[in-house]
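# quick one, structure for this:
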Amino acid sequence: MVKPWQYKRSFKTRIWLSLVLFTVSAIFVSSTASYYIASSVVEKKAYSISQSMVNKSAQALEEKLRKVRLAVLTFMSNQMFVDVLAAAAANKEISKYELFSLNEQVQTPIFQMKLIEPAITSILISTPIGEFYANNDVRKTEYPFKDSEMYKNYKNMLAPTWVESHEDPFFESDQKVISLLIEPMWTLPIKDVKVLVNVGENALKDYLLANKGTENGDIFVY
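Have a look, this model is predicted:
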C-alpha cells in the first residue's frame, strides 16, 4: 500500500511545509482583511469628500443665482424699464421709431445689470409691442420668442422659473446657458410680458469650481 506523499517526507520537511502553508494562509487572510478595511475607509472618505463638495457647491450655486435674481430685480425697478411696461400696457401699436427709442432707453440699465452680475450673457424682454434687448447681443430674428418651445412650455407660469441648461436659441452666443424666465409685477394691468435672462453655463461652472473648497473633483451644470 502506497503511503500518502506527506508521509514520504522527513519530519523536518513536513514541519517546513506546514510553516510555509501557515504563512501563505496568514498572508492571504491578512491581505484580504486589509483590502476590505482599506476599501471601506476609502469609500467612507470619498463619500465624505463628495458630500462636502456637493454641499459647498449647492451653497455657492444658490448664492450665485440669488445675485442673478437681485441684478434682474434691480433692472426691472429702473424707470426706463417701467416706461417699456407703460407702453406695452397702453394696448396700442407703436411706430418703429418709438420701438427703437424705447430699446435705446433700456441699454443703460441692461449694461448696469450685466455689470452687477457678469455671469448674465443676455436678456430678452418680450412684450405685446415688440422685443427689447442689448444692442451688442446679436439676436437671431428668425426665432421669435413667442413661437418658441420655451414660450409654449412656460406661457402660463405664475412664479419666476429657472430653465435647465440648453443652447441659446435666441442669440448668437455660441454657448450653453441656463435661463431665468420671469414675468414682471406692475401696478397697471398688463399681459404677456416675459423677461428672459440667460446665464452662461461656463461662468457658473467656473464660479462653483472657485468656491468648492479644497476637495478635488469636477463639477457639471445641468
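
# going forward, measure contacts between C-alpha atoms and count neighbours the same way
Noted.

# would you map the strands across the chain?
Taking DSSP state E as the test, the strands found in the chain are 120-127, 130-132, 161-167, 176-182, 194-200.

# would you turn these into TSV with mean neighbour count and mean pLDDT?
Output for the strands of the chain, formatted as TSV (neighbours: other Cα atoms under 10 Å; pLDDT from 0 to 100):
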stretch	mean neighbour count	mean pLDDT
strand 120-127	22	94
strand 130-132	18	94
strand 161-167	15	88
strand 176-182	22	91
strand 194-200	23	94
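
# tell me which of those sits nearest to residue 62.
Closest to residue 62 of these, according to Cα to Cα: strand 161-167, at 12.1 Å.

# do you know the pLDDT at residue 142?
As predicted, residue 142 sits at a pLDDT of 87.

# just put the strands of the chain in a markdown table and tack on distance to residue 103.
Listed next are those as a markdown table, based on distance: least, Cα to Cα, whole Å:
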| stretch | distance to residue 103 |
| --- | --- |
| strand 120-127 | 10 |
| strand 130-132 | 6 |
| strand 161-167 | 25 |
| strand 176-182 | 19 |
| strand 194-200 | 14 |
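
# so which of these is nearest residue 210?
strand 194-200 (15.6 Å).

# partners of the closest one in the sheet?
strand 120-127 (antiparallel), strand 176-182 (antiparallel) (DSSP bridges).

# and of those strands, who's closest to residue 154?
strand 176-182 (8.2 Å).

# okay, now the unreliable bits of the chain?
Low-confidence segments of the chain (pLDDT under 70): 1-55, 57, 188-189, 212-222.

# can we see that at 50?
By pLDDT under 50, the low-scoring segments of the chain are 1-3, 5-6, 34-35, 46-47, 49, 219-220, 222.

# tell me where it has helices.
Taking DSSP state H to define them, one finds helices in the chain at 11-76, 79-89, 96-105, 107-116, 149-154, 201-210.

# does anything pack onto the last one? Which helices or strands?
Which is helix 201-210. Counting contacts by 3 or more Cα pairs under 8 Å, 6 or more residues apart in numbering; DSSP states H and E, helix 201-210 is packed against helix 11-76, strand 176-182.

# hang on, the earlier thing: so which of the strands of the chain gets nearest residue 96?
The nearest among the strands of the chain, by Cα to Cα, is strand 130-132 at 9.7 Å.
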